[in-house]
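>>> Next input, structure requested:
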Amino acid sequence: MDQLLIWIQHITSAIVSLGYPGVYVALVLEGLGLPFPGDGFLAFYGYAISEGDMNVIAVLCISSLGYFTGVSIVFGLTRRFGKMLLDPLYRLRVLQASRMDHTSSLMEKYGALILIPGRFLPGIRSLSTFAAALSEMTYSTFTFYTIIGSVAWCGAWIGLGFWFGENVQELLAHVQTSLMWFTIVIFVLLALVWMVKRMQRKIDHRSEK
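Reported below is the predicted structural model:
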């Protein structure tokens, strides 16, 4: 385990030392769904912006492009190979079938809208790309909502790093938990709206008879 942590630290240091290209590499890795601290990296770059070492527009654009590149690769591979790609990931426990089923059901109910708030949750962020590729969603629709979600997510974490600076690491766990509950509340409200509309349709259908 110690060797793994040392290896991760070396990779992290190497990416950071690359400057702007490192921003792109880091977010491509995050977009691919690898166990990579994308939130922390974005916060670090936000802190670098506050220190005057980097430009906010450049970081936002490059990070959003890097993340979009990663998820586009995942979308294309999943759409092309489907079950052949997912089965090994399930066996290696890179993905969990139960979470995938849950995310797929959310995708069926709420469609591409899940791609925007879903980008803020580590568990759903990577799974939503797989779920979208397995659905009937077109790549153009996936692109539109993913770009919105990517810019919002990248901008939020860059902003946290900018405003809270060296203390941002202490806020990561708290903010992630808050975002998780906020997203859960949104999903519950959407589910209630969907149920009410469904019941209303049934009542209207019965009244027509």
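
>>> what about residue 119, neighbour count?
26 (other CB atoms under 10 Å). For the C-beta atoms, the positions are set from N, CA and C on the backbone; glycine is no exception.

>>> Test my guess that it contacts residue 147.
No - applying CB atoms under 8 Å as the test, residue 119 and residue 147 come out as separate, 10.5 Å apart.

>>> Got phi/psi on residue 34?
phi -70, psi 160 (degrees, to the nearest 10).

>>> Walking through this protein, point out its helices one by one.
Ranges of helices within the chain are 2-17, 20-31, 38-50, 56-81, 83-91, 97-110, 122-134, 139-164, 168-208, based on DSSP state H.

>>> Flag the shaky bits of this protein, pLDDT-wise.
Across the chain, the ranges flagged by pLDDT under 70 are 1-13, 16, 92, 94, 122-123, 165-209.

>>> since we're on the residue lying closest to residue 27 once chain neighbours are set aside, how many residues are nearby?
Closest residue to residue 27 apart from its sequence neighbours, by CB to CB, 6 or more residues apart in numbering: residue 66 at 3.2 Å. Number of residues near residue 66 (other CB under 10 Å) recorded here: 24.

>>> can you pull the contacts of residue 66?
23, 24, 25, 26, 27, 28, 30, 31 (CB atoms under 8 Å, 6 or more residues apart in numbering).

>>> give the contact list for the nearest residue to the third one once chain neighbours are set aside.
Closest residue to residue 25 in three dimensions, ignoring its sequence neighbours and counting by CB to CB, 6+ apart: residue 15, at 5.5 Å. Contact criterion CB under 8 Å, 6+ apart gives 22, 25, 26, 41 as the residues in contact with residue 15.

>>> Out of these, who's the most crowded?
residue 26 (28 neighbours).

>>> wait, what's in contact with the nearest residue to that one once chain neighbours are set aside?
Excluding the flanking residues, the one nearest residue 26 by CB to CB, 6+ apart is residue 41, at 4.6 Å. Neighbouring residues of residue 41 by CB under 8 Å, 6+ apart: 15, 23, 26, 27, 30.

>>> Next: residue 72.
Per CB under 8 Å, 6+ apart, neighbours of residue 72: 31, 143.

>>> again, but for the one 3 residues further on
The neighbourhood of residue 75, defined by CB under 8 Å, 6+ apart, consists of 129, 132, 133, 139, 142.

>>> mind redoing it with 6 Å?
129, 133 (CB atoms under 6 Å, 6 or more residues apart in numbering).

>>> And it, how close does it get to residue 15?
Taking CB to CB, to the nearest Å as the measure, residue 75 falls 23 Å from residue 15.

>>> before we move on, what about residue 31?
Counting by CB to CB, the gap from residue 31 to residue 15 is 14 Å.

>>> Equivalent analysis for residue 48, please.
Distance of residue 48 to residue 15, given as CB to CB: 13 Å.

>>> Flag every buried residue along stretch 40-56.
Buried residues in stretch 40-56, defined by neighbour count with 16 or more other CB atoms under 10 Å: 40-50, 54, 56.
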